[in-house]
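Enquirer: after the sequence you'll find the predicted model.
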Amino acid sequence: MAQSTQMMEFAHSPTLNTVIMVENALEKAKDSVITIAQLKRMLPKQVNHNTLKAILMYLEESNKIGVTIKGITWIHNANPNLRNAIALGLEI
């Protein structure tokens, strides 16, 4: 997913409800790597493929998911202690 969401014109712009639905599905599967096909089956509603790709690009750019050759995995950690440690930590 090399193209930035800022540069991409969307034929199907995702709604907030759709983005949240995809986030929730990925977060539920956070202990595993899933494919786009598996993600589509997990969603309660059908989502246009291009819209789903746009959502996945947004989630990857916001560091909530990791996308690899094997699939997609949830990587976001909302733990405030971890966020503070990262913010205050030294970079080597």
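Expert: Thanks, I have it. Treat the numbers as computed from the prediction; the structure is a model and nothing was measured.

Enquirer: which SS class is the most centrally placed residue in the chain?
Expert: Centroid check for the chain by C-alpha atoms, centre = their mean gives Leu59 as the closest residue, at 3.2 Å. The assignment at Leu59 comes out as helix when based on DSSP: H, G, I helix; E, B strand; the rest coil.

Enquirer: ok, it - contacts?
Expert: By C-beta atoms under 8 Å, 6 or more residues apart in numbering, the contact set of Leu59 is 22-23, 26, 65. Where C-beta positions appear, they are placed from N, C-alpha and C, glycine not excepted.

Enquirer: got it, and Ile92?
Expert: No contacts exist for Ile92 under C-beta under 8 Å, 6+ apart.

Enquirer: quick check: the gap between it and Asn17.
Expert: Applying C-beta to C-beta, to the nearest Å, the value for Ile92 to Asn17 is 42 Å.

Enquirer: what ranges does this protein have for its strands?
Expert: Using DSSP state E, the strands of the chain run over 65-67, 72-74.

Enquirer: need the winner for burial among these.
Expert: Highest mean neighbour count of the strands of the chain: strand 72-74, a mean of 19 (counted as mean count of other C-beta atoms under 10 Å).
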